[in-house]
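In: sequence and predicted structure, then a few things I'm wondering about:
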There are 2 protein chains.
Amino acid sequence: MSQPQLVEDLLDGDHRALARVISKIEDRRPGYRDIVAKLHEHTGTADVIGITGSPGSGKSTLVDKLAATYRERGLTVGVIAIDPSSPFTGGAVLGDRIRMVSNIGDMDMFFRSMSARGTLGGISTATADAVKALDAFGKDRILVETVGAGQNEIDIVRTADTVTVLVPPGSGDDVQMLKAGILEIGDVFVVNKADLPGSNRTVQELREMLQQGGGGTLDSAGHHAGGADGGEDGDWEPVIVETVASEGEGVDELVETFDNHTDHLDHTGDREESARRRYAAEIRRLLREDVNDLVAEQLQRQGGLDSFVDSVLERETNPYAVADELVEPIAECVDDHDEG
Amino acid sequence: MSQPQLVEDLLDGDHRALARVISKIEDRRPGYRDIVAKLHEHTGTADVIGITGSPGSGKSTLVDKLAATYRERGLTVGVIAIDPSSPFTGGAVLGDRIRMVSNIGDMDMFFRSMSARGTLGGISTATADAVKALDAFGKDRILVETVGAGQNEIDIVRTADTVTVLVPPGSGDDVQMLKAGILEIGDVFVVNKADLPGSNRTVQELREMLQQGGGGTLDSAGHHAGGADGGEDGDWEPVIVETVASEGEGVDELVETFDNHTDHLDHTGDREESARRRYAAEIRRLLREDVNDLVAEQLQRQGGLDSFVDSVLERETNPYAVADELVEPIAECVDDHDEG
């Protein structure tokens, strides 16, 4: 099938075309760039919700229930699940696929696992591109699910409009571990398995840490979360919601909290601001990737890396001189080009 | 002072010049590139030993004792201590400085803490450059000390000839945590605080994991470590050494293990092979840095990122088209340049 046809089919609502486009994006098959470029103008209508949490926090079950709740409300849903930290263990991904079987047959519920084959930049780019495909397709809600809270995961969930952090109740260690970067980016915190002993302490500790970190106060917590409409002009205050995902408890409140957050984004102009930030990061990332390809070609043209390494080893030259030798011609001809 | 003079003074054995050069490297002050480039041809005589381990593994004490032992044997020593994971906590670094006070006055014992101000690539580059300064200065042994076992730390210790991993005895968790990438790169494993309960189990677990991972058998362990001369043509088998650094126990054996490893590197040609790999990585890293600078300039020339982001936001263009627009002129003029 030609690429323009594939894009047209996707825009016409063909789920197979959507699946094929996402596969092309994931594998970076030839032509994926043109496809994503064409899709861009059709994006901007979906609410994108990023959900991160450590393994065992009940994330998969929660995402499942969220998707089902959106479907009950007549909204179409796309789910992208990524496990960036373990490229070699297919286990989690396979488990994800199995658990979504319950939704097979519902064509307006699109689920896709993505592996972390590429680099850090690679998986962030691929995720952002896959989200665009779902957005252009017309999905109302897109859930981006990722495991863990490292830099990779932070980069991925940041591609979302609403960043959700799952906190498993129990040892305070879990809350302590959240300190490193994830507290700052969460719009909504979910203490899942809220029926377990220790969940009250977890909520309490989380609230204290958010107050220390953000300097603000929480609008609400637990079952009051839905009341935090954020409709005022002020900053969004992170909201804590308690759920028992396996029982479906708290999921409606969570959905309302997400809606409140996107309302807030629209009223305050924060949505545009965050899109602006996201596009800036995306352009920077693509530039870096493209220019690194260019350098690899330049290196190839000059006889490959090995001959340079030999000379460095013989002390005939040094790494900085090699970098200058390779980059200066590029820099000069960019200068000439501008003057000419 | 002019830069050629500074380099000359360093090569003449002036410790103040050495300190100034490393400061320039750390802060990337103008001219540091030329200095490092000039130093390169004077490098290649030092044995570089990388040491990594989690906080609390007794790494600082061990490095201190190692340095003292080398000095007793009439060898000059340079130490670079890096804490890449916590750029904000000056604590560990300050602690390092204080503990080395005992060596002040011994001018052939050079100690320097480096902070992780830059990016991942930045701190690896700065460490490699600082090692070059110490090597060119004529230090016989260079110890590169870093905290933790994440990707940053792995990148840093890999700049060494001999990679040493400190394992604190106790819970098997510590050994489990080593799994992620660090087992593969360790030439020497040190179970420090070997007088603590649980250390035997740690040694045993470590040995099992190394056997599983490498597929080989350990030459020796504990007090037999010095016997692993690796003089045969085969691969180096990782050696486990038990120490009680605070008492100085096992430190002589550890020094002998390091010597055995460097002998092995020389006999088998592995030293050249590892230098080759290191220089290749260094050139790639510098190319990436330089080209990213070039892209930033190009972006600036075209009116800065903001105007592009505006157009992307208005759906007049898309991130991939922007990347093409900025990179293609560079690519084309490189092509023209080659043909001309």
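Out: That came through, no problem.
In: where does the stretch 1-150 of chain A come near chain B, residue by residue?
Out: Proximity of the stretch 1-150 of chain A to chain B, by CB under 8 Å from any CB of the partner chain, involves residues A:R33, A:D34, A:V36, A:A37, A:H40, A:E41, A:T43, A:G44. Quick note: C-beta positions are derived from backbone N, CA and C, even for glycine.
In: that should have said the stretch 151-300 of chain A, apologies.
Out: A:272, A:275-276, A:279-280, A:282-284, A:286-292, A:294-295, A:297-299.
In: try it again with 6 Å
Out: Taking CB under 6 Å from any CB of the partner chain as the measure of proximity, the stretch 151-300 of chain A contacts chain B at A:R276, A:Y279, A:A280, A:E282, A:I283, A:L286, A:L287, A:D290, A:V291, A:L294, A:V295.
In: right, and the last one touches B:V291 too?
Out: This points to A:V295. Yes: at 5.2 Å, A:V295 and B:V291 qualify as touching, with contact defined as CB atoms under 6 Å.
In: okay, helices next: where are they in the stretch 201-340 of chain A?
Out: For the stretch 201-340 of chain A, the helices defined by DSSP state H, counting those that start in this stretch occupy A:251-268, A:270-301, A:305-313, A:319-339.
In: what packs against the second one?
Out: Put plainly, it is helix A:270-301. When contacts are defined as 3 or more CB pairs under 6 Å, 6 or more residues apart in numbering or on different chains; DSSP states H and E, helix A:270-301 packs onto helix B:270-301, helix B:305-313, helix B:319-339.
In: tell me the mean pLDDT for the second one?
Out: The average of the pLDDT scores along helix B:305-313 is 94.
In: the last one too?
Out: The average of the pLDDT scores along helix B:319-339 is 80.
In: could you tell me the angle between it and helix B:270-301?
Out: Note on geometry: by axes from the mean of the first three to the mean of the last three CA atoms, to 10 degrees, helix B:319-339 and helix B:270-301 are set 110 degrees apart in direction.
In: buried residues, helix B:319-339. List them.
Out: Of the residues in helix B:319-339, B:319-324, B:326-327, B:329-331, B:333-334 count as buried by neighbour count, 16 or more other CB atoms under 10 Å in any protein chain shown.
In: pull the residues that contact that helix.
Out: By CB atoms under 6 Å, 6 or more residues apart in numbering or on different chains, the residues outside helix B:319-339 that reach it are A:33, A:36-37, A:282-283, A:286-287, A:290-291, A:294, A:329-330, A:333-334, A:337, B:298, B:308, B:312.
In: so which residue of the stretch 151-300 of chain A comes closest to chain B?
Out: Proximity of the stretch 151-300 of chain A to chain B (CB to the nearest CB) peaks at A:L286, 3.8 Å away.
In: what about that residue, how many residues nearby?
Out: Neighbourhood size, A:L286 [other CB atoms under 10 Å in any protein chain shown]: 21.
In: quick one: the strands in the stretch 1-150 of chain A?
Out: Counting by DSSP state E, counting those that start in this stretch, one finds strands in the stretch 1-150 of chain A at the ranges A:47-53, A:77-82, A:109-114, A:141-147.
In: lowest average confidence across the ones you listed, which one?
Out: The weakest mean pLDDT among the strands of the stretch 1-150 of chain A belongs to strand A:109-114, with a mean of 74.
In: what strands line up against that one, and which way round?
Out: Here strand A:109-114 is paired, per DSSP bridges, with strand A:77-82 (parallel).
In: what does the partner strand rub up against?
Out: Residues from elsewhere that reach strand A:77-82 (CB under 6 Å, 6+ apart): A:67, A:70, A:96, A:109-114, A:130, A:134, A:139, A:141-146.
In: phi and psi next, for A:V165.
Out: phi -120, psi 120 (degrees, to the nearest 10).
In: list the residues that contact the residue nearest to it when sequence neighbours are not counted.
Out: Spatially, and ignoring its direct neighbours in sequence, A:V165 is nearest to A:G186 (4.1 Å; CB to CB, 6 or more residues apart in numbering or on different chains). Going by CB under 6 Å, 6+ apart, A:G186 touches A:V163, A:V165, A:P238.
In: for the last one, what are its contacts?
Out: Read that as A:P238. By CB under 6 Å, 6+ apart, the contact set of A:P238 is A:G186, A:L210.
In: for A:K59, same thing?
Out: Counted by CB under 6 Å, 6+ apart, A:K59 has contacts A:G53, A:L166.
In: ok, A:T127 next?
Out: Residues in contact with A:T127, defined by CB under 6 Å, 6+ apart, are A:I156, A:T159.
In: the closest residue to A:T243 other than its chain neighbours and B:Q5, how far apart?
Out: Leaving aside its chain neighbours, A:T243 sits nearest to A:G250 (3.4 Å; criterion: CB to CB, 6+ apart). Distance of A:G250 to B:Q5, computed by CB to CB, to the nearest Å: 70 Å.
In: and stretch A:147-155, end to end?
Out: 12 Å (CA to CA, to the nearest Å).
In: gap between the closest residue to chain B within the stretch 1-150 of chain A and A:V131?
Out: Residue nearest to chain B within the stretch 1-150 of chain A: A:H40 (3.4 Å; CB to the nearest CB). Separation of A:H40 from A:V131 (CB to CB) stands at 11 Å.
In: with A:G248 instead?
Out: From A:G248 to A:V131 the distance is 26 Å (CB to CB).
In: okay, these two: which has more neighbours?
Out: A:V131 (23 against 14).
In: and the residue nearest to A:L210 when sequence neighbours are not counted, how close does it get to B:S274?
Out: With sequence-adjacent residues excluded and distances taken as CB to CB, 6+ apart, A:L210 is closest to A:P238, at 5.3 Å. Distance of A:P238 to B:S274, computed by CB to CB: 48 Å.
In: now swap in A:R284 and tell me
Out: 34 Å.
In: what do you get for A:L313?
Out: The gap separating A:L313 from B:S274 is 11 Å, by CB to CB.
In: what's around A:D34, how many residues?
Out: Neighbour tally, A:D34, other CB under 10 Å: 14.
In: which residues touch A:E41?
Out: Going by CB under 6 Å, 6+ apart, the list of residues near A:E41 reads B:R315.
In: show the pLDDT at it.
Out: In this prediction A:E41 is given a pLDDT of 94.
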